[in-house]
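[1] let me see the structure of the following:
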Amino acid sequence: MVHPQMYDDNDPFLQRTRSLALGLPEAQEKFSHGRPAFFTTKVFCYYGGSLKVDGSWVQHPQSIMVLADLAEREALRSRPEAYVPGYLGGSGWTGLDITEETDWDEVREWVIDSYRVTAPKRLAALT
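    From the prediction side, this is the model:
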C-alpha cells in the first residue's frame, strides 16, 4: 500500500530534525508510511505521528517519534508534550510534539539516545 506524503518539506521543524538526524554517523532518510524516517540499519526517528483517541486517529504532524532506552522511557513519556503513538507505542516508541517553545538541545538528546538504542554498536560508540 502506497501512503500519501503526510508532511511539508518546508516545515522548519522537519528541516531542523532532519539536520540533527542526518548529522549522526551513517544516518539516512527514507519515506515510511507517509512520513520521513531516519535510520542506520533500523529506524531511530520518525517525523510526525498519530495516536488513536476514542476510535479516531489524531495526527501529530509536528512531532518526532523516538525509541528511548527502557530506563528512560517512563520519564520521557511523563513529559507534557509526549504521547504514545499508535502501532509503535506498544514497542516502546514515544512521540514528542515540537512547538516554537521546544528546547532543541533536548530534541537533540532524544534523537541521539534513540540512535544509540537502534544503531549497530560500532556506530553508537561514535556518538
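[2] quick one: list the elements packing against the top helix by length along the chain.
    Longest helix of the chain, by residue count under DSSP state H: helix 104-118. When contacts are defined as 3 or more CB pairs under 8 Å, 6 or more residues apart in numbering; DSSP states H and E, helix 104-118 packs onto helix 12-22, strand 43-53, strand 56-67, helix 121-124. C-beta here means a position set from N, CA and C on the backbone, and glycine is covered the same way.
[3] of the ones you listed, which approaches residue 100 most closely?
    helix 12-22 (9.1 Å; CB to CB).
[4] restricting to C-alpha, output that closest one in CSV.
    Provided in CSV are the C-alpha atoms of helix 12-22 (Å, rounded to 0.1, in the frame of the first residue of the first chain):
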residue,chain,number,x,y,z
PRO,A,12,11.2,24.4,9.7
PHE,A,13,10.8,21.8,12.5
LEU,A,14,11.3,19.0,10.0
GLN,A,15,14.3,20.7,8.5
ARG,A,16,15.9,21.1,11.9
THR,A,17,15.1,17.5,12.8
ARG,A,18,16.5,16.3,9.5
SER,A,19,19.7,18.2,10.1
LEU,A,20,20.1,16.7,13.6
ALA,A,21,19.3,13.1,12.5
LEU,A,22,21.4,13.1,9.3
